[in-house]
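S.K.: Okay, sequence plus prediction incoming.
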Amino acid sequence: MHQVDAGSAPLTVSAPVDAGRAASPEPVHRRRSWLRGLLRQRLALTGLLIVAIYVVVAIVGGWIAPFSFSAQHVPDRLKPPGGAYLLGTDEFGRDILSRLLFGAGISFQVGVIAVGISGIAGVLLGLLAGYVGGWLDAVLTLIMDVVFAFPAVLLAIAIIAMLGSSLANVMLAIGVVNTPVFMRVVRGSTLSLHQATYVEAAVSLGASTPRVLARHIFPNLTAPLIVLASLNFAFAVLTEASLSFLGLGNKPPSPSWGSMVSSSYGFLEIAPWAALFPGLAIALAVLGFNLLGDGLRDALDPRLRF
Amino acid sequence: MRTYLLARLVLVLPVLFGVSVVTFSLIRLVPGDPATVALGPDSRARPEDIAAIRASYGLDEPAPVQYVRWIGHVLGGDLGKSFRSGRSLTEELALRLPVTIELTVLAAVFGLVPALLVGILAAVRRNSGADYVATVSTLVGISVPNFLLATLLVLVFSLWLRWLPPIGYVELNRDPLGNLRTMLLPALSLGLPFAAIMMRITRSSVLEVLDQDHVRVARAKGLPSTSVLRRHVLRNAAIPVITVAGIQVARLLGGAVIVESIFGLPGIGRFVFEAIGTRDYPVVQGVTLVVALAFVIVSLIVDLLYAVVDPRLRTAS
């Protein structure tokens, strides 16, 4: 599982992917009862289902929304769920369901781009550090250690505070603070794969370094990377929500889920639904990606530990 | 042991240097000129005013010169002064840091105590009710952000039950009980997601050790199960738990920004949040530096704890 700040564990691989593993088929000692296996399986499927719904809503949400995200129905302010407004209205009389549907797109966009940034940067830096080694490895590892020394949310806040509050900067900040997570895993795996006989063989046959990295090492990293991407997506959604709760990112009336919670916080007592539904959406989306990531890890490589 | 400690200390120095460079560079990310921001919204500021501000903050010099000057001041305990209030950051932080430390310590306690108890129980009685509760609450805990938990806690305990105040702060030395009342909800908002992570790592670490041969031997020779657990399992399971706890405790400081802002606690988290609104860059810079330093120090303490828990590290060169 992953999560950094607002509730997440560090991604440390204590048992790096062992290149020679396939040759020694020692069974993993895990006495999982069939019940537990089934439960985990069911949880992973639930995660997949939540993620699928989230992605579909993110893509088509704007079209299926009954109202515009900014349409203010002034006489219908703070209406409870039901009737024309399935999930009620907020303090401006805006339909919460419509705003949630539009907001999914923002959250998804941030997730894709932020995970893309940290994934691409982390893979490139990790491959370089792990394969080239030497002073380059030392320097890159140090830089990642330094980035890791800042709590992710605080560093993201600081970056956005300096660059200016915009959705693009939110994506960039989340991407930057999460790069070390990818870099560490890729570096660790590359280090051990570097010693593998088939890599040595490829090098002896005269394969260039880019070719070795792209054709022989990278394909072995796909399993951990898929798991990491899913868990990181959870982190990105959660962090985007936290940042938009603090008012960083898109300006109102943009329907970011986090900002929906914060703007209706003042009306919590008379209209709790205005804060609770967006909150539920955030928690479900994060839960979905966490469940999916865990399930993928169990399915792809139970020895990964992040 | 001494070699181990020295090696750790030496390894920390480059990270500290890097942290200082990153923090210093933060202010250079600001598009345009921080000096015009310092002068406030009055856009009719004269060029000579801007130049004076630039000079007073050393912004008119080359970056390396600025860095050396800045780091000299920081090492001397001077973190600069706020653009807005003009007050010394060191003094401001001295006032606010205790609030954040109290919040973090409370959150750590609220997180660790249930996490360790339930995590160990869930591992020992695998597939029992306790294990199921641990699994489900972990999943919920890691998926609910601090601010949402805070919102829910305020709704239930402040607005519906009216047991605890939704906002405000009472100083610890003035009224300890009142202080606890104002700190309880923030500490829970911060501590419960932390508990979820720790519960998960505790459960999996204990499970892993339970599967090892030496535990089977201890059982086979007839040791009572409590002493197997205490002497053979928990001690070995402690290392990953301590590692994650160390990182996560330091990370609570990031969550403190959100939680302090919601509950109106006068800690460094709300301080930095307000500074963002007023574009008070030196404050953002100063708080970021202090928090990263705290992280590095906590990591060092964790390394020392390893040596306490694991005698192999003490004897290793």
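M.R.: Looks like it arrived, so ask away.
S.K.: Show the contacting residues for the residue nearest to residue A:272 when sequence neighbours are not counted.
M.R.: The shortest distance from residue A:272 to any residue that is not its chain neighbour, by CB to CB, 6 or more residues apart in numbering or on different chains, is 5.7 Å, and that residue is residue B:155. For every residue, glycine as well, the C-beta is placed using N, CA and C. Applying CB atoms under 8 Å, 6 or more residues apart in numbering or on different chains, we find residue B:155 in contact with A:268, A:269, A:272, A:275, A:276.
S.K.: Same question for residue A:140.
M.R.: Per CB under 8 Å, 6+ apart, neighbours of residue A:140: A:125, A:128, A:129, A:183, A:187.
S.K.: Between those residues, which sits nearest residue B:150?
M.R.: Nearest to residue B:150 among the contacts of residue A:140: residue A:183, at 32.3 Å, using CB to CB.
S.K.: picking up where we left off before, put the buried members of the contacts of residue B:155 into a ChimeraX selection.
M.R.: Here the buried members of the contacts of residue B:155 are turned into a ChimeraX selection, burial being counted by 16 or more other CB atoms under 10 Å in any protein chain shown:
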select /A:268,272,275,276
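S.K.: and which of the contacts of residue B:155 is nearest to residue B:67?
M.R.: The nearest one, if we look at the contacts of residue B:155 relative to residue B:67 and count by CB to CB, is residue A:275, at 44.0 Å.
S.K.: element containing that closest one?
M.R.: Of the helices and strands defined by DSSP states H and E, residue A:275 is found in helix A:273-300.
S.K.: and residue 298, how many neighbours?
M.R.: Using chain A. Around residue A:298 there are 18 other residues, counting by other CB atoms under 10 Å in any protein chain shown.
S.K.: Sorry, I should have been clearer: chain B.
M.R.: In terms of burial, residue B:298 registers 18 neighbours under the definition other CB under 10 Å.
S.K.: What parts of the stretch 51-200 of chain A come near chain B?
M.R.: Near chain B, the residues belonging to the stretch 51-200 of chain A are A:142-143, A:145-147, A:149-155, A:157-164 when assessed by CB under 8 Å from any CB of the partner chain.
S.K.: Can you tell me which of those residues are classed as buried?
M.R.: Members of those classed as buried by 16+ other CB under 10 Å are A:143, A:145-147, A:149-155, A:157-163.
S.K.: for chain A, longest helix please?
M.R.: Once chain A is assigned using DSSP state H, the helix that runs over the most residues is helix A:96-132.
S.K.: helices or strands up against the helix or strand where residue B:68 lies?
M.R.: Secondary structure assigned from DSSP H and E places residue B:68 in helix B:63-75. Other helices and strands packing on helix B:63-75, by 3 or more CB pairs under 8 Å, 6 or more residues apart in numbering or on different chains; DSSP states H and E, are helix B:2-26.
S.K.: ok, and for the helix it packs on, which residues are buried?
M.R.: Within helix B:2-26, the residues that qualify as buried are B:4, B:8, B:12, B:15, B:18, B:19, B:20, B:22, B:23, B:24, B:26, counting by 16+ other CB under 10 Å.
S.K.: who touches the last one in this structure?
M.R.: Read that as residue B:26. By CB under 8 Å, 6+ apart, the residues touching residue B:26 are A:158, A:159, A:162, B:281, B:284, B:285, B:288.
S.K.: okay if I get these as JSON lines plus pLDDT, secondary structure and distance to residue A:73?
M.R.: Formatted as JSON lines, the contacts of residue B:26 follow (pLDDT from 0 to 100; DSSP: H, G, I helix; E, B strand; the rest coil; distance: CB to CB, whole Å):
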{"residue": "A:158", "pLDDT": "87", "secondary structure": "helix", "distance to residue A:73": "39"}
{"residue": "A:159", "pLDDT": "89", "secondary structure": "helix", "distance to residue A:73": "37"}
{"residue": "A:162", "pLDDT": "82", "secondary structure": "helix", "distance to residue A:73": "39"}
{"residue": "B:281", "pLDDT": "80", "secondary structure": "helix", "distance to residue A:73": "41"}
{"residue": "B:284", "pLDDT": "84", "secondary structure": "helix", "distance to residue A:73": "39"}
{"residue": "B:285", "pLDDT": "85", "secondary structure": "helix", "distance to residue A:73": "44"}
{"residue": "B:288", "pLDDT": "87", "secondary structure": "helix", "distance to residue A:73": "42"}
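S.K.: and residue 202, how many neighbours?
M.R.: In the absence of a named chain, this looks at chain A. Using other CB under 10 Å as the criterion, residue A:202 is surrounded by 17 other residues.
S.K.: The intended chain is chain B.
M.R.: The local packing count at residue B:202 equals 28, with neighbours defined by other CB under 10 Å.
S.K.: host element of it?
M.R.: Element membership of residue B:202 [criterion: DSSP H and E] is helix B:176-210.
S.K.: Tell me the residues of the stretch 51-200 of chain B that contact chain A?
M.R.: Residues of the stretch 51-200 of chain B lying close to chain A (CB under 8 Å from any CB) are B:126-127, B:135, B:139-148, B:151-152, B:154-155, B:159, B:193-194, B:196-197, B:200.
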